[in-house]
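Colleague: for reference, the sequence and a predicted model appear below.
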Amino acid sequence: MHIVLVGLNHRTAPIELRERLAFRREQLGDVFTQLRGDLGLREATILSTCNRVEIYAGVPELNGTVAQLQRFLSEHGRMELDGLAPRLYSYTEPYSVRHLFSVASGLDSMVLGEGEIVQQVKYAYEAAKLYGATGKVFNVLFQKALNAAKAVRTQTAIGQGCTSVGTVAVELAEKIFGQLSGATVLLIGAGKISEITLKRLTDRGVGEVRIMNRSLERAEQLASVYQGGFLPLTALTEQLPLVDIVISSTSAPSYLLQPAEVAAAMRRRHQRSLCIVDLGVPRNVDPSVGTLENVYLFNVDDLQGLVDRSYAERQHALQQSEAIIAKKVEHFLSWCQREVGAPCALSLSEPAPAP
Amino acid sequence: MVIAHMVCSLLSYAAFLVAFVSGVLFLLQERQLKSKRMGVLFQQLPSLGALDRLNFLAISAGFGLLSVGMALGFVGSRVLLGRWWAGGSKENLTLLLWGSYLVLWIVRLRSTLRGRRVALLSILGFTLVLCTFVGASWVMPSWHPSL
């Protein structure tokens, strides 16, 4: 049996196109029936996520299957084949197998090494199985794909590290405080990255939020979004001993926080750890504040440096991951050769009753 | 009586060992954070908050157990030797140890000191434990049965 893949992803097609071609779960029953009936596929699975739409097909003969699947997709997306075809890629085994294993491991994702895709592949396989679209080969194919993903993610650093300044900041805060639920965050100023960082902290369960801004109105606006308190900038000295995490992102021309002030605050807070994330350019916090005991200061360069280093490590892990996948692909193909042989007639599996 | 005294004392030393280890790990993790490294050490070591809490727990437990152990020691000494205080080097060192951890426990309890300094003192304290446990009887003979 041949394993054919036709699809598109975030590299070959913009989101508008991917949206048009997406398959919803409710549609799958009819789609699989059509694929089995009209296109004569023995087995099939459809992987449809925000970043890709891929049809995996198991056929006894490669008799224009690729063209048929392309046409099928163009009809599904209600568009001209001429416009769609250049955006589609197609593979047959062993490359189709390798592609699936790479996708499942997060190697083909927008963010290298992301882990959501594993669940998405599992979901796609289970849906196909439910509709009786999978058989002997695809059951093993997708199990092996999920195994490969697990192997890659446990044996290499591909899935580790942080992908953005916001996530880095949260990881650092968690390593300082452990539980974020008892911590209070103070956001000074506003800005895209600082607000994303605040959002990530609140998603991770940070205790209390306080917003400080030169404009009290703006502070109040933001505070209502995060159900926190709002304060004028003049309250900084008074607030510093009371908060645990400070995110600062103002366009102030000079330092908002100097070592003497922070040292005094640390005495008043009995040396409880203080984490300061300085996203201001120019910097809002005097760098020598970072040398104070129990104070942890990170500026934009520090955080970006950590993101870059993390990316470099994941790139490095890419080679390792590809080697693991190559081996797994080989194993699968030898199993296929042993158990199924070159194109053979498998019995049509009875379609399961639609749920 | 004697056995209870021994068990309590040994358990207190074990607790001080835990305080020592958590102090060391705290300093290691603190170093990672201060130098902005998020490598293997950073990932594997627990958070500063967790290590600090463990350290406090260990100091408290150790101090409590040591106090009980010493009390049992006094009683044992009275029973066996006819006096509350045998006055040997081991007893003196243990008293010093008890006093040190009393101070450490109080400053930590009242949050006068936290984090880095407590970690350092926990490490220092344990070296005193080692002296008491091992050194005293070797250096100077005393009434205290050698252990």
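Modeller: Nice, I can see it.
Colleague: the residue nearest the centre of chain B in helix, strand or coil?
Modeller: For chain B, the residue nearest the mean C-alpha position is B:Phe16 (3.3 Å; C-alpha atoms, centre = their mean). The local conformation at B:Phe16, judged by DSSP: H, G, I helix; E, B strand; the rest coil, is helix.
Colleague: tell me the spacing between the residue nearest to it when sequence neighbours are not counted and A:Glu116.
Modeller: Distances taken as C-beta to C-beta, 6 or more residues apart in numbering or on different chains place B:Gly62 nearest to B:Phe16, at 4.4 Å, with adjacent residues excluded. (C-beta placed from N, C-alpha, C; glycine too.) Distance check for B:Gly62 against A:Glu116: by C-beta to C-beta, to the nearest Å, it reads 46 Å.
Colleague: pick out whichever of these two has more residues nearby.
Modeller: In this comparison of B:Gly62 against A:Glu116, neighbours counted by other C-beta atoms under 10 Å in any protein chain shown, the higher total goes to B:Gly62 at 28 against 13.
Colleague: what comes up buried for the longest helix along chain A?
Modeller: The helix spanning the most residues in chain A, taking DSSP state H as the definition, is helix A:300-339. Residues of helix A:300-339 classed as buried by neighbour count (16 or more other C-beta atoms under 10 Å in any protein chain shown): A:300, A:302-303, A:306-307, A:309-311, A:313-314, A:317-318, A:321-322, A:324-325, A:328-329, A:332, A:336.
Colleague: report whether that helix contacts chain B.
Modeller: Yes. For a cut-off given as C-beta under 8 Å from any C-beta of the partner chain, helix A:300-339 has contacts with chain B, namely A:302, A:305-306, A:309-310.
Colleague: now render those residues as JSON lines, adding distance to B:Lys36 and pLDDT.
Modeller: Below are the residues of helix A:300-339 next to chain B laid out as JSON lines (distance: C-beta to C-beta, whole Å; pLDDT from 0 to 100):
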{"residue": "A:Asp302", "distance to B:Lys36": "5", "pLDDT": "91"}
{"residue": "A:Gly305", "distance to B:Lys36": "7", "pLDDT": "89"}
{"residue": "A:Leu306", "distance to B:Lys36": "7", "pLDDT": "89"}
{"residue": "A:Arg309", "distance to B:Lys36": "10", "pLDDT": "86"}
{"residue": "A:Ser310", "distance to B:Lys36": "12", "pLDDT": "86"}
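Colleague: what count of nearby residues applies to A:Gln119?
Modeller: The local packing count at A:Gln119 equals 11, with neighbours defined by other C-beta under 10 Å.
Colleague: try B:Arg117
Modeller: 16.
Colleague: kindly report the same for B:Ile106.
Modeller: Every residue meeting other C-beta under 10 Å relative to B:Ile106 is counted, giving 12.
Colleague: go on, B:Val7?
Modeller: Residues within reach of B:Val7, counting by other C-beta under 10 Å, total 14.
Colleague: name the helix or strand for the residue nearest to it when sequence neighbours are not counted, please.
Modeller: Setting aside the residues directly before and after it, B:Val7 is nearest to B:Gly69 in space (C-beta to C-beta, 6+ apart), at 7.9 Å. With secondary structure defined by DSSP states H and E, B:Gly69 is part of helix B:48-81.
Colleague: in that helix, what counts as buried?
Modeller: Buried residues in helix B:48-81, defined by neighbour count with 16+ other C-beta under 10 Å: B:48-52, B:54-56, B:58-66, B:68-70, B:72-73, B:76-77.
Colleague: how far off centre is it?
Modeller: Here helix B:48-81 shows a centroid-to-chain-centroid distance of 8 Å under the convention C-alpha atoms, centre = their mean, to the nearest Å.
Colleague: helices or strands up against it?
Modeller: In terms of contacts (3 or more C-beta pairs under 8 Å, 6 or more residues apart in numbering or on different chains; DSSP states H and E), helix B:48-81 is packed against helix A:165-177, helix B:2-34, helix B:89-109, helix B:116-130.
Colleague: pick the most deeply packed of those.
Modeller: Using mean count of other C-beta atoms under 10 Å in any protein chain shown, the stretch among the helices and strands packed on helix B:48-81 with the greatest mean number of neighbours is helix A:165-177 (a mean of 23).
Colleague: give me the angle between it and helix A:300-339.
Modeller: Computed with axes from the mean of the first three to the mean of the last three C-alpha atoms, to 10 degrees, the direction of helix A:165-177 lies at 100 degrees from that of helix A:300-339.
Colleague: residues contacting helix A:165-177, please?
Modeller: Outside helix A:165-177, the residues within contact range by C-beta atoms under 8 Å, 6 or more residues apart in numbering or on different chains are A:162, A:180, A:183, A:193, A:196-197, A:199-201, A:204, A:206, A:244-245, A:247, A:273, A:275, A:277, A:279, A:296, A:298, A:300, A:303-304, A:306-307, A:310, B:29, B:32-33, B:38, B:42, B:47-49.
Colleague: what kind of secondary structure is residue 133 in?
Modeller: All of this is about chain A. Under three-state DSSP, A:Ala133 falls in the coil class.
Colleague: ok, it - contacts?
Modeller: A:32, A:35-36, A:43-45, A:351.
Colleague: if I look at it, how far off is A:Ile193?
Modeller: For A:Ala133, the distance to A:Ile193 - C-beta to C-beta - is 44 Å.
Colleague: number of nearby residues for B:Gln43?
Modeller: 13.
Colleague: what sits against it?
Modeller: Residues in contact with B:Gln43, defined by C-beta under 8 Å, 6+ apart, are A:Gln160.
Colleague: assumed it was part of a helix.
Modeller: Yes. Going by three-state DSSP, the assignment for B:Gln43 places it inside a helix.
Colleague: roughly how far does A:Gly290 sit from chain B?
Modeller: Taking C-beta to the nearest C-beta, to the nearest Å as the measure, A:Gly290 falls 7 Å from chain B.
Colleague: just A:His2 next, same as before
Modeller: Taken as C-beta to the nearest C-beta, the spacing of A:His2 relative to chain B amounts to 43 Å.
Colleague: these two touch, right, A:Phe101 and A:Lys150?
Modeller: No. Look at A:Phe101 against A:Lys150 with C-beta atoms under 8 Å: they stay out of range, at 11.2 Å.
Colleague: of the two, who's got more company?
Modeller: Set side by side, A:Phe101 and A:Lys150 give different neighbour counts by other C-beta under 10 Å, the larger being at A:Phe101 (28 against 13).
Colleague: tell me which element A:Tyr91 is part of?
Modeller: With elements taken from DSSP H and E, the one containing A:Tyr91 is strand A:89-92.
Colleague: and A:Thr202, by the same measure?
Modeller: In the assignment (DSSP H and E), A:Thr202 maps to helix A:192-203.
Colleague: how about that helix and chain B, any contact?
Modeller: No. Where contact is defined by C-beta under 8 Å from any C-beta, no part of helix A:192-203 touches chain B; the two come within 14.9 Å at best.
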